[in-house]
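J.: Have a look at this prediction, sequence included:
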Amino acid sequence: MSILLIDKRKSIKSNPLSALYSYLSTAFALLFFISSSIQLTAQKLRCTHDAVVSSIDDNRLKSENRSTFILQVVVHVVWNQDEENISDERISNQISRINEDFNKLNEDIDLVPDLFQDLIGNAEIKFELAKEDPFGTPTNGINRRQTDIKTIGSTLSSDQKEVIKYSTLGGIDAWDTNHYINIWVGRTVEVFGLTATLSSAGTKDDGIIITPEAFGEFEDDSSITNKGRTLTHELGHYFGLIHLWGRDNGCGTDDDGIVDTPEQERPYSGCKIFPQVSCGSVDMNMNFMDFSNDTCLLFFTNNQVQLMRDVLTTIRSGIIVSDEDIFIPKPLEDIEISVHDNTLLIRPASVIDGPVFIEFYSISGQPLHKETLNILNDHRINTNYLPKGVYILSIRTANQRFTDTFAAGF
């Protein structure tokens, strides 16, 4: 087996899924580049996949009475340097991130341009760290092992096995891949993450590898992967999605097979100002299946969601633990905001117990302020450094959230 496939994160199409189904019968690249530049390399194709993915009936998007699927995740941390041995807290906030992203609960969802607002999909998938191992023993869903191999996430054995996935080679064996989503965290070379193709579903090689510096949400404004969206992107691949531009750059040559994603010529990097245009239409470079920076990746579309659920209920149905209604945060109400004398005043009607997470962004999605409070009463934030413009404010607690806009710099 070989999985050294380099991958980073088209107008509406007719017969949109035929291209995608042919792609799923081969291997596709599943990863992010570690450098901010984009270089797509030749792919080593795996042609053993023989699963048939059902087509999407657009009427089902309107009529389906869907349950929320509960899926169990196990995280295998294989580390060489101390900083690679990421904390339980970092793993927990990564799980929170994918739950928000897959359920349209991310705090930056309002940044999706109006052009695409009606296309935002809700996958209704809930991810949980496993509570029992394959033998029924209670667990926190996290395994750890130190290794002498510095870049174990990219290392192959002489017989082309991914070393991180085998305990005999210095990694950690997968838990039953028919029942768990296996995620390995280990240092990689040139990529942020990579995912086994659907042809590996249920095998020892099935799962996702993420490099430590792209796992979880953390404070580092210089990082392009600091919001945990490498895993959101890779889970898209795990459930059958490919990149918006297909396998090849260019217009009219390749496609992702999804009806409601515009044809796109190539991947994007950084956080490009909206709109960006190629192939005669506005590009969806804020979609989770693009390569934009984490802070500018915002949503899956309705048809992407439907394909992922189709794959989940067929090829990957064994990983469904149960279906139930997912907990949806209630809106925070009775909060007044105002700006006077270069100061943003946040005034709730009553004290809000913490932790309370306060963030605001530019309209283009650039994070400008982030803080955590033990309680929220009257709270003031200096806006003197902000240029003239409109900004998006997000206030969150464990089970509530508030989003509004404010003007500053005038």
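T.: That came through fine.
J.: For this structure, which residues score under the pLDDT cut-off?
T.: Scanning the chain for pLDDT under 70 picks out 1-66, 323-330, 363-366.
J.: for it, what spans make up the helices?
T.: 18-23, 60-63, 88-102, 229-238, 302-313 (DSSP state H).
J.: which stretch among the ones you listed comes nearest Gly257?
T.: Comparing these by their distance to Gly257 (CB to CB), the top pick is helix 18-23, with 2.7 Å. C-beta here means a position set from N, CA and C on the backbone, and glycine is covered the same way.
J.: need the contact list for the residue nearest in space to the middle of the chain.
T.: By CA atoms, centre = their mean, the chain has its centre lying nearest to Thr232, at 1.4 Å. By CB atoms under 8 Å, 6 or more residues apart in numbering, Thr232 lies in contact with 97-98, 101-102, 288, 297.
J.: domain assignment for the protein?
T.: 18-323, 330-408 (automatic domain parsing).
J.: now the residue of the chain positioned farthest from its centre: how far from Gln306?
T.: Distance from the C-alpha centroid of the chain peaks at Asp341, with 38.8 Å (CA atoms, centre = their mean). Distance of Asp341 to Gln306, given as CB to CB, to the nearest Å: 50 Å.
J.: Repeat that for His379.
T.: Following CB to CB, the distance that separates His379 from Gln306 is 41 Å.
J.: Buried residues of stretch 357-374, list them for me.
T.: 357-362, 365, 367, 369, 373 (16 or more other CB atoms under 10 Å).
J.: Strands - which of those residues land there?
T.: 357-362, 367, 369, 373 (DSSP state E).
J.: can you list these in a markdown table and add distance to Asp148?
T.: Shown next, in a markdown table, are those (distance: CB to CB, whole Å):
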| residue | distance to Asp148 |
| --- | --- |
| Phe357 | 39 |
| Ile358 | 43 |
| Glu359 | 40 |
| Phe360 | 45 |
| Tyr361 | 42 |
| Ser362 | 45 |
| Pro367 | 37 |
| His369 | 42 |
| Leu373 | 43 |
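J.: quick one on the thing from earlier: which among the buried residues of stretch 357-374 gets closest to Ile395?
T.: Ile358 (5.4 Å).
J.: which residues sit in contact with that closest one?
T.: 346, 369-373, 376, 379, 381, 393-395.
J.: now with 10 Å?
T.: 344, 346, 369-373, 376, 379, 381, 393-396, 402 (CB atoms under 10 Å, 6 or more residues apart in numbering).
J.: His179 now?
T.: Taking CB under 10 Å, 6+ apart, one finds 71-72, 74, 130, 134, 202, 318-321 in contact with His179.
J.: buried subset of those residues?
T.: 71-72, 74, 130, 319-321.
J.: Taking those residues together, which two end up most distant?
T.: Val74 and Ile320 (15.4 Å).
J.: Give the bridge partners for the closest residue to Ser322 other than its chain neighbours, please.
T.: Spatial nearest neighbour of Ser322, chain neighbours left out: Ile70 (4.8 Å); criterion: CB to CB, 6 or more residues apart in numbering. Applying DSSP bridges to Ile70 yields these beta-bridge partners: Lys126, Ser322.
J.: From Ile335, how far off is Ile70?
T.: In terms of CB to CB, Ile70 sits 32 Å off from Ile335.
J.: Then Ser167?
T.: From Ser167 to Ile335 the distance is 51 Å (CB to CB).
J.: So the two - more neighbours on which side?
T.: Ile335 (16 against 13; other CB atoms under 10 Å).
J.: ok now do Glu100, which residues does it touch?
T.: 106-109, 228, 232, 329, 396, 401.
J.: from those, which ones fall inside strands?
T.: Going by DSSP E, the strands hold 396, 401 from the contacts of Glu100.
J.: Buried among the contacts of Glu100? Make that a PyMOL selection.
T.: This is the PyMOL syntax for the buried subset of the contacts of Glu100, where burial follows 16+ other CB under 10 Å:
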select buried, resi 106+107+108+109+228+232+396+401
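J.: which of His379 and Gln306 has more neighbours?
T.: Between His379 and Gln306, Gln306 has the larger neighbour count (other CB under 10 Å), namely 24 against 18.
J.: The more buried one reaches Ala123, doesn't it?
T.: Yes: using CB atoms under 10 Å, Gln306 makes contact with Ala123 at a distance of 9.1 Å.
J.: follow-up on the earlier one: dump the buried ones among the contacts of His179 to JSON lines, plus distance to Glu89.
T.: Shown next, in JSON lines, are the buried ones among the contacts of His179 (distance: CB to CB, whole Å):
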{"residue": "Leu71", "distance to Glu89": "21"}
{"residue": "Gln72", "distance to Glu89": "20"}
{"residue": "Val74", "distance to Glu89": "17"}
{"residue": "Ala130", "distance to Glu89": "18"}
{"residue": "Ile319", "distance to Glu89": "25"}
{"residue": "Ile320", "distance to Glu89": "27"}
{"residue": "Val321", "distance to Glu89": "24"}
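J.: Quick check: Phe380 touching Leu373?
T.: Phe isn't right for residue 380; it's Arg. No: counting by CB under 10 Å, Leu373 is not a contact partner of Arg380; they are 11.8 Å apart.
J.: tell me, what's touching those two both at once?
T.: Ile346.
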